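Engineer: predicted model follows, preceded by the sequence.
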Amino acid sequence: MEFPKRIYTTKEVKEVRELVRKGYKHRLRVKGSLIFKQKVRQALKLIKTADCYIFLRTYIRSIVEIDGLTQLRQADASIWANKYAVQNPVDAASLFIQKANHMKEYVEGKLYFGGAAETRSVQKRIEFLEVLKKKSRNKQVTEECERLLKSWRESVFL
């Protein structure tokens, strides 16, 4: 079974769900300017440090630079991100994990948007930051994880 070009119809979602169940992983593509690609690669290194790269590749096909609002494009299994979303590699990495969780819920047929879904995805983002903080040996990364975790703890989501 080949991965569908778009994941839009019920049939396509079922095909993707079956592929994921069988262990399908995307060859993650990054599209954009040289600086954007460099920033995304830094975030991807952090995702690998936290052992979450396979999770990301399971649900996300590409990360594309756009000149607009950062968003998950479920039908494309793609994260559209602007240059500001990737300036901080730790925050960008956690954002990518959050969007991958949204995609996972979309594929699983769960309600992937709205208050409860957003809370679950933010929780996944927080869990990622906690794991990265423990696994990273880079002091700047661990300090940034702590800063972001403090910010999330103070937010209305929790």
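Structural biologist: Received the coordinates, thanks. Residues are numbered from 1 along each chain as shown.

Engineer: only C-alpha atoms from now on, for both contacts and neighbour counts.
Structural biologist: Noted.

Engineer: excluding sequence neighbours, find me the nearest residue to Ile47.
Structural biologist: Tyr53 (5.5 Å; C-alpha to C-alpha, 6 or more residues apart in numbering).

Engineer: quick check: the one you found touching Leu44?
Structural biologist: Yes: between Tyr53 and Leu44 there is a contact under C-alpha atoms under 8 Å: 7.3 Å.

Engineer: of these two, who's got more company?
Structural biologist: The neighbour comparison of Tyr53 against Leu44 (other C-alpha atoms under 10 Å) goes to Leu44, with 21 against 16.

Engineer: what pLDDT does that one get?
Structural biologist: Leu44 carries a pLDDT value of 98.

Engineer: do you know how far the closest residue to it other than its chain neighbours is from Ile126?
Structural biologist: Spatial nearest neighbour of Leu44, excluding adjacent residues (C-alpha to C-alpha, 6+ apart): Ala93 at 6.5 Å. Look at Ala93 and Ile126: by C-alpha to C-alpha, to the nearest Å, they are 11 Å apart.
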